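1. Everything below, folded, please.
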Amino acid sequence: MSPPSNGPAQPPIKILHVLPSMQRRGIQTWLMTLLQGMDRRRFQMDIFVFRPRQEMLETEAAKLGAKLFHFTSFYGLPNGAEFKRVLLENGPYDVIHCHVAWCCFSLKWGLDLKVPVRIFHRRTSNELWVWGKMVQAGLLPLGHKMIKRYSTHLLAVSESTALSREWTRIYSGIDLNPFSATGAYRMRIRNEFGISESAFVLGHVGRYVKPKNHFFILEIFSEMKKLEPNSHLLLAGDGPSRYEFQRKVAHLGLQNSVSCVGERADIAHLLGSMDVFILPSLWEGLPLAVLEAQAAGLPMVIADTITEEVDIVSPLIHRLSIEQPAINWAKLALGITRSVKISREDALEKMEHSPFNFEATKVRFENFYQTSLYEKRAF
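-> Okay, the predicted model is just below:
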């Protein structure tokens, strides 16, 4: 039996997303797109952040109708009494959607307050790194137990992150509207950062954390400069190793050829200014940056660790092992622009007809929330 539609006459389904932060990262950017696209008459989405301070995307989320709440911590662990108080004062919630493993406490607290649908969403193929301090504290088995015991539904962003048949795969799509004229911003972005029109621009979008392998990117670019002196490295993102990375850039004397532009909202425009995108990740779940680069019609060299599920515009994608030396990555990056056989317009059209178009993602999540809640209530 299919669930009835929760149309405008019905009260909206209330969803509480639980996240570690509201900085501009992959999960948060995707969630902002979801907030913009979902029908607010049918779905009320609020956000609980596992940090006590406000962060950059919160004002934007509030403008889109979300209420935002913050944890304080007790000896580094989230405060359950505080979480329950917020749910009691602002609920009842129909769904808790937990996006990061070490926020799994929220699933137990949601059960305590009889929240019917409690979702854990797995987004990486490397659990040990994500669990971080919980691994160090020996709490990993407890975390696994909590997820298995207190989740009603298990989601995965890709086949590589789904641990078994119990996990439902729903792709995280991207908003393709900003990519309709990326080439028009090529010189505007280059002028902003003092990059010449003739320069070969190697680009990357990602947080400065271990999986993204930034220091190997710098090795690759250092080799590229020897082969093509008129080359430039453009990196968007922030993170804990950014300043160490910039010190290494200065040590190599490359500061005039490397632009670290921080977190940006205009990723589509930045991609339009690049010649080749690079992502030599140690591991990934489903990298949205690869989808965005394809939407921009950008040739890319990516690690063979990345799931082939993202291969929508195949002529743009070239894979190498991260075991290959940096010089091989540099040579491939410099050579692939000559072999591209697809236009930006055709690449965008392929993305529009793919399961990674946000419009398809939105429908899947609307149906998932609605069906999951209906089944729990019927049971």
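2. helices or strands up against the longest helix belonging to the chain?
-> The single longest helix within the chain, with elements called by DSSP state H, is helix 358-378. In this structure, helix 358-378 makes packing contacts with strand 13-19, helix 26-37, strand 95-98, strand 117-122, strand 153-156, judged by 3 or more CB pairs under 8 Å, 6 or more residues apart in numbering; DSSP states H and E. Quick note: C-beta positions are derived from backbone N, CA and C, even for glycine.
3. Give me the angle between that helix and strand 13-19.
-> Helix 358-378 and strand 13-19 are oriented at 110 degrees to each other (axes from the mean of the first three to the mean of the last three CA atoms, to 10 degrees).
4. quick one: helix 358-378 to chain centroid distance?
-> 21 Å (CA atoms, centre = their mean, to the nearest Å).
5. now that helix: mean pLDDT?
-> The pLDDT scores in helix 358-378 average 91.
6. Return the angle between stretch directions for it and strand 117-122.
-> Going by the same axes, to 10 degrees, helix 358-378 makes 140 degrees with strand 117-122.
7. doesn't Ala61 make contact with His32?
-> To be clear, residue 32 is Met; His isn't right here. Yes. When contacts are counted by CB atoms under 8 Å, Met32 is listed as touching Ala61 (6.5 Å).
8. Of these two, which one has the most company?
-> Ala61 (23 against 19; other CB atoms under 10 Å).
9. what sits against the more buried one?
-> 22, 31-32, 35, 47, 68 (CB atoms under 8 Å, 6 or more residues apart in numbering).
10. How about Phe245?
-> Phe245 neighbours (CB under 8 Å, 6+ apart): 208, 214-215, 218, 260.
11. buried stuff in stretch 170-183?
-> Using 16 or more other CB atoms under 10 Å as the test for burial, stretch 170-183 gives 170-176, 178-179, 182.
12. and what of stretch 249-268?
-> Buried residues in stretch 249-268 (16+ other CB under 10 Å): 249, 254, 257-261, 263, 267-268.
13. now, the most widely separated pair of the residues you listed?
-> Farthest apart among those by CB to CB are Leu254 and Ala268. That separation is 26.4 Å.
14. need the strands for the stretch 251-379 of the chain, in chain order.
-> Assigned by DSSP state E, counting those that start in this stretch, the strands in the stretch 251-379 of the chain fall at 258-260, 276-279, 300-303, 317-320.
15. Throw these into CSV and include mean pLDDT, thanks.
-> Formatted as CSV, the strands of the stretch 251-379 of the chain follow (pLDDT from 0 to 100):
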stretch, mean pLDDT
strand 258-260, 98
strand 276-279, 98
strand 300-303, 98
strand 317-320, 97
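16. from those, which stretch is densest packed?
-> Of those, the one with the most neighbours on average (mean count of other CB atoms under 10 Å) is strand 276-279, at a mean of 25.
17. now for it, which elements pack on it?
-> Contacts defined by 3+ CB pairs under 8 Å, 6+ apart place strand 276-279 against strand 200-205, helix 288-295, strand 300-303, helix 326-335.
18. mind putting those in CSV, distance to Asp39 included?
-> What follows is the helices and strands packed on strand 276-279, written out as CSV (distance: least, CB to CB, whole Å):
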stretch, distance to Asp39
strand 200-205, 30
helix 288-295, 23
strand 300-303, 35
helix 326-335, 43
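19. Could I get the contacting residues of the closest residue to Pro315 other than its chain neighbours?
-> Nearest non-adjacent residue to Pro315, counting by CB to CB, 6 or more residues apart in numbering: Ile342, 4.6 Å away. Contact analysis of Ile342 by CB under 8 Å, 6+ apart lists 297, 313, 315-316.
20. if we go to 10 Å?
-> 294, 297, 299, 313-316, 349-350 (CB atoms under 10 Å, 6 or more residues apart in numbering).
21. Could you list the domains of this structure?
-> Here the domain parsing of the chain from automatic domain parsing is 13-173+357-378, 177-352.
22. what is the mean pLDDT for the strand or helix carrying Tyr243?
-> In the assignment (DSSP states H and E), Tyr243 maps to helix 242-251. Averaging pLDDT along helix 242-251 yields 97.
23. Output that helix as CSV, restricted to C-alpha atoms.
-> Only the C-alpha atoms of helix 242-251 are listed here, as CSV (Å, rounded to 0.1, in the frame of the first residue of the first chain):
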residue,chain,number,x,y,z
ARG,A,242,45.3,24.6,5.3
TYR,A,243,48.0,26.8,6.9
GLU,A,244,50.5,23.9,7.1
PHE,A,245,49.8,23.5,3.3
GLN,A,246,50.4,27.2,2.7
ARG,A,247,53.7,27.1,4.6
LYS,A,248,54.8,24.2,2.4
VAL,A,249,53.8,26.2,-0.7
ALA,A,250,56.0,29.1,0.6
HIS,A,251,58.9,26.7,1.4
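24. next one: it to chain centre, how far?
-> Remark: helix 242-251 is offset 24 Å from the chain centroid, using CA atoms, centre = their mean.
25. In this structure Glu366 contacts Val95, no?
-> No. Taking contacts as CB atoms under 10 Å, Glu366 lies outside contact range of Val95: 11.9 Å.
26. which residues are common contacts for those two?
-> Shared contacts of Glu366 and Val95, counting by CB under 10 Å, 6+ apart, come down to 13, 43.
27. More neighbours: these two, which one.
-> Just comparing Glu366 and Val95: by other CB under 10 Å the higher neighbour count belongs to Val95, 25 against 19.
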